[in-house]
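In: need coordinates for the below:
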Amino acid sequence: MPVHSAIKPSATTELPRAFHRLAWSNLAAQSAEQIGLAATPIVAVFALGAGPGQTGWLQTAQTLPFLLLSIALGVRADQASRKKLMARAEAVRCVALLVVLAAVVSGRLSLPLLAVCGFIGACGTVAYNVASPSLITALVERGGWAKANGRTELARSIAYSAGPALGGLLVGVIGAASAFVVAAALSASAALLLAGIDEPTRTPPPRRQFASELREGAAFVTGNPLLRAIAMTAIFFNVGFFLIQAVYVPYASRQLGLSPIEVGATLAAYGAGMIVGALVAPHVMARFRLGQVIIVGPLCGLAASLTLCLTLLAPSPWLAAASYFQLGFGPILWVISSTTLRQAVTPESMLGRVSALISTATYGARPIGTLIGAVLGGTAGAQPCLVVAVLAFAIQACVIVRSPAARLVGLPDTAA
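Out: Next comes the predicted model:
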């Protein structure tokens, strides 16, 4: 069991140059992902006439790799060069974006093609996400992990803010092709930045069977009450969030009467909330107990789902934007604090697998949410999906509030 001490991360630790390259790469990669994710459903709805059920299936294809590939890629991250794995992942995403671009230019774009390319592009995202936490611990001293995670999440916040707005603006003003050109260029830039990182060498682990590696990581996660609570909270948060994401664009365009640019603007409020959350995170983490910081995100998620449900009674883009702002503000504090906690209690030799298992819980729940949205949205419309999402957010809030993670004072000072 970890020792629950009052050790707090240092806010003054100098971050190395290699980390700054990683942070810039992360910004480019996250921006590419968000522009692509925003442009795809907008193009599907406004150019191909997709409805809530079809956009739900499209979102399912774009999230399914998180469920299918996270663990395998996490094991690989523990065995091989993390920067090479991440750079190759970005190259894969770039190719997928270029295929969509070619289809748009040639007039051969279709929903199945968008789904297939979205699936391939998401494979790149999975590899990047499971390898990044362990690369951070290799590049940065322990006292700087929280600061490094905060910088990484600030970059992601900027991407989540600018990406949807830029994606909607490019599609609405210039055309769909421009959005995929920009996304592909950013993805290629992320790969080039990663290639310039001098990754510390590490002793290759002894080769073991995949099943043995997986059992060891799974036993560590399920046997640690802190990691177990993080995983369960992540599952229900993402079910609720992506249930909303699966139906939001057609709901916003038809029930709220928003244009493509306005849809992108409301989605951009999510990133704006993330930026504000990432900027105040150092002050919040210095002022409050770690357990108090950890529960902020799940509680904000519940509040956001209730705010969006208010649009059923009072259709308003401002309420929708407020909901997405809350979804960004609180959970960014969750990501920074929970990631730092995971790094503190996990041996470096297992961090890839543990990150992959947490990612499977976090991101693997996404296709479950989008699948619910596809089925329920396709048969009953978007409105019931917003109500069901509230239930998922209520469960995740209860899980984390009742867990030992909510009672932590500071970072545990030893790994299990």
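
In: which element follows the helix or strand hosting R93 toward the C-terminus?
Out: In this structure, R93 is located in helix 82-106 according to DSSP states H and E. Heading C-terminal from helix 82-106, the first helix or strand you meet, by DSSP H and E, is helix 111-139.

In: picking up where we left off before, now do the helix holding R93: distance to the chain's middle.
Out: 18 Å (Cα atoms, centre = their mean, to the nearest Å).

In: tell me what that helix is packed against?
Out: helix 17-46, helix 52-79, helix 111-139, helix 176-195 (3 or more Cβ pairs under 8 Å, 6 or more residues apart in numbering; DSSP states H and E). (Each C-beta comes from the backbone N, C-alpha and C, glycine too.)

In: can we see that at 7 Å?
Out: Contacts defined by 3 or more Cβ pairs under 7 Å, 6 or more residues apart in numbering; DSSP states H and E place helix 82-106 against helix 17-46, helix 111-139, helix 176-195.

In: list the buried ones in that helix?
Out: Going by neighbour count (16 or more other Cβ atoms under 10 Å), the buried part of helix 82-106 is 82-83, 85-101, 103-104.

In: how many other residues sit next to A314?
Out: Residues near A314, counting by other Cβ atoms under 10 Å, number 8.

In: equivalent analysis for A382, please.
Out: 26.

In: so what's it up against?
Out: With contact taken as Cβ atoms under 7 Å, 6 or more residues apart in numbering, A382 is in contact with 52, 247, 250-251, 255.

In: give the buried residues for stretch 271-280.
Out: For stretch 271-280, a neighbour-count test (16+ other Cβ under 10 Å) marks 271-278 as buried.

In: A322 reaches T307, doesn't it?
Out: Yes - judged on Cβ atoms under 7 Å, A322 makes contact with T307 at a distance of 5.5 Å.

In: which residue, other than its chain neighbours, is closest to A177?
Out: Spatial nearest neighbour of A177, chain neighbours left out: V104 (4.7 Å); criterion: Cβ to Cβ, 6 or more residues apart in numbering.

In: could you export stretch 194-202 as PDB, CA atoms only?
Out: The C-alpha coordinates for stretch 194-202 follow below in PDB (Å, rounded to 0.1, in the frame of the first residue of the first chain):
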ATOM      1  CA  LEU A 194       9.100  14.100 -31.100                       C
ATOM      2  CA  ALA A 195      11.900  12.900 -33.300                       C
ATOM      3  CA  GLY A 196      14.200  15.600 -31.900                       C
ATOM      4  CA  ILE A 197      13.800  14.500 -28.200                       C
ATOM      5  CA  ASP A 198      16.800  12.900 -26.600                       C
ATOM      6  CA  GLU A 199      15.000  10.100 -24.800                       C
ATOM      7  CA  PRO A 200      17.100   8.600 -21.800                       C
ATOM      8  CA  THR A 201      18.200   5.100 -22.500                       C
ATOM      9  CA  ARG A 202      16.800   2.400 -20.200                       C
END
